[in-house]
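Undergrad: take a look and give me a structure for this.
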Amino acid sequence: MSSHTLSHRFSVIRQLGKGTFGKVFLVTDAVSGATRALKRTQKWRKKESREVLCLEIGKESPNLISAEEVFYSYTPSGFMVQNILMENAGYTLHRYVASHLALRQKDQTHNIEASTAISIAKQVCNGLFALHRRAVAHRDLKPENVLIKDYGGQILARICDFGSSKALTNQGCPSMPYICSRWYRAPELLLGSTNYTVAVDLWSLGCVLAELILLRPLLECEPHNQKHGMQEQKPIRCLGEPFQILKISELLGAPTRVDTESLCTGCPERAKALASSIFKQMVGLAPLPLHDLLLSVIGIEGKPLVDVVCQLLRWNPRERIPVKTILDGHYLD
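TA: A predicted model of the protein is given here:
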């Protein structure tokens, strides 16, 4: 399909989002007359992408976004573009949380209702399970990649954006560690592991579910920006992977020797040395009472969600509770 043909079929209403590799537009489809989301990504070869394969898995779960149509077009300069046509599935969980944060700024007691937060959590677990049972890791789970649609008070949550997803079936084949947004990135990824499992998603899930309770990122770690010129320059508070590890340690306390060995599996030697140096500084560091802190915000009705969050956020990837266990054990029922 040429760029000319593409412009005749779709009318762009506005841009919905932009990532490293592509853009998503809200469009009107002249064929169906419907409003749809169209994701456009430049392709270097005509081979079905991992994202398209994951969108096929999406047809098996109501809590994963799926593709209605996949086709290829060419720019005027001859570059191939992959086009994925999807349902316009509402707004992001990031926006949903932000709307509740705005309400909390007016009323400090405001929260997302525990029953609603638990429902969203269970649906995200359902979507993630559809991927994990095929040994596929999403690798970029965050509030921006969960779509929310409100059907008169009944909320449907769906995981989207499979651009970073990968089947982790070949343990002999190294995987890139620099994936997933840093605030949601598992500690083994921060340390540079190339031999990780779907447990990286479990860490991200714990961070996302904690954000449903707190209405802010649990492990936000950013440098202060210089906004008002040199006179008001502020010191850097937090920057890069080592500082993110320190941020996690403030929450979970020092990892044990077993935790450290598990985290460093598949890490390059320089990363192991860095981990050893960082973790030596943490000896004796006690964890924060995360369970009590979260429970004090959401209330006793949200205890099932708090219990799950605390079992997801573990240093050791092997100790994070799998989504299958959460669902089979009726943790969120």
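Undergrad: and the helix or strand containing residue 273, C-alpha only, in CSV?
TA: Under the criterion of DSSP states H and E, residue 273 resides in helix 269-280. Taking Å, rounded to 0.1, in the frame of the first residue of the first chain, the C-alpha atoms of helix 269-280 are listed here in CSV:
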residue,chain,number,x,y,z
GLU,A,269,31.6,-9.4,35.1
ARG,A,270,31.7,-5.6,35.4
ALA,A,271,28.1,-5.5,36.5
LYS,A,272,28.7,-8.2,39.1
ALA,A,273,31.6,-6.1,40.5
LEU,A,274,29.3,-3.0,40.5
ALA,A,275,26.6,-5.0,42.3
SER,A,276,29.0,-6.3,44.9
SER,A,277,30.2,-2.7,45.5
ILE,A,278,26.7,-1.3,45.8
PHE,A,279,25.4,-4.1,48.0
LYS,A,280,28.3,-3.9,50.4
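Undergrad: what's next to that helix, contact-wise?
TA: With CB atoms under 8 Å, 6 or more residues apart in numbering as the test, helix 269-280 has contacts from 191-193, 242, 245-246, 249, 254-255, 260, 263-264, 267. Yep, even glycine has a C-beta here, placed from its N, CA and C like the rest.
Undergrad: among those, which lie within helices?
TA: 242, 245-246, 249, 260, 263 (DSSP state H).
Undergrad: show me where the stretch 51-200 of the chain has its helices.
TA: 93-106, 114-132, 187-190, 199-214 (DSSP state H, counting those that start in this stretch).
Undergrad: those: which one's closest to residue 158?
TA: Counting by CB to CB, residue 158 lies closest to helix 114-132 out of the helices of the stretch 51-200 of the chain; the figure is 6.3 Å.
Undergrad: what residues of that closest one count as buried?
TA: Neighbour-count burial for helix 114-132, counted by 16 or more other CB atoms under 10 Å, picks out 114, 116-132.
Undergrad: how close does the residue nearest to the spatial centre of the chain sit to residue 179?
TA: Central residue of the chain (CA atoms, centre = their mean): residue 141, 1.5 Å from the mean position. In this view, residue 141 and residue 179 are 11 Å apart by CB to CB, to the nearest Å.
Undergrad: what's the spacing between the nearest residue to residue 121 once chain neighbours are set aside and residue 310?
TA: Excluding its sequence neighbours, the residue lying closest to residue 121 (CB to CB, 6 or more residues apart in numbering) is residue 209, at 5.1 Å. Applying CB to CB, the value for residue 209 to residue 310 is 10 Å.
Undergrad: neighbour-wise, which of the two wins?
TA: Neighbour count, other CB atoms under 10 Å: between residue 209 and residue 310, residue 209 has more, with 25 against 16.
Undergrad: in terms of pLDDT, where does that one sit?
TA: For residue 209, the model assigns a pLDDT of 99.
Undergrad: where does this protein have low pLDDT?
TA: 1-5, 20, 45-48, 170-172, 222-239 (pLDDT under 70).
Undergrad: would you mind giving the domain segments of it?
TA: 10-87, 91-328 (automatic domain parsing).
Undergrad: quick check: which of these is buried the most?
TA: Stretch with highest mean neighbour count among those: domain 91-328 (a mean of 18; mean count of other CB atoms under 10 Å).
Undergrad: tell me how far that one lies from the chain's centre.
TA: 8 Å (CA atoms, centre = their mean, to the nearest Å).
Undergrad: same deal with stretch 32-47?
TA: With CA atoms, centre = their mean, you get 22 Å for stretch 32-47.
Undergrad: could you export it as CSV, CA atoms only?
TA: In CSV, the C-alpha atoms belonging to stretch 32-47 read as follows (Å, rounded to 0.1, in the frame of the first residue of the first chain):
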residue,chain,number,x,y,z
SER,A,32,-15.7,1.0,7.9
GLY,A,33,-16.4,4.5,9.0
ALA,A,34,-15.1,3.6,12.5
THR,A,35,-12.6,5.4,14.7
ARG,A,36,-9.5,3.3,15.2
ALA,A,37,-6.0,3.4,16.5
LEU,A,38,-3.3,3.1,13.9
LYS,A,39,0.3,2.3,15.0
ARG,A,40,3.0,3.0,12.4
THR,A,41,6.5,1.6,12.8
GLN,A,42,9.4,1.7,10.3
LYS,A,43,10.5,-1.7,9.1
TRP,A,44,13.9,-2.8,7.8
ARG,A,45,12.7,-6.1,6.3
LYS,A,46,9.4,-7.6,5.5
LYS,A,47,9.3,-10.2,8.4
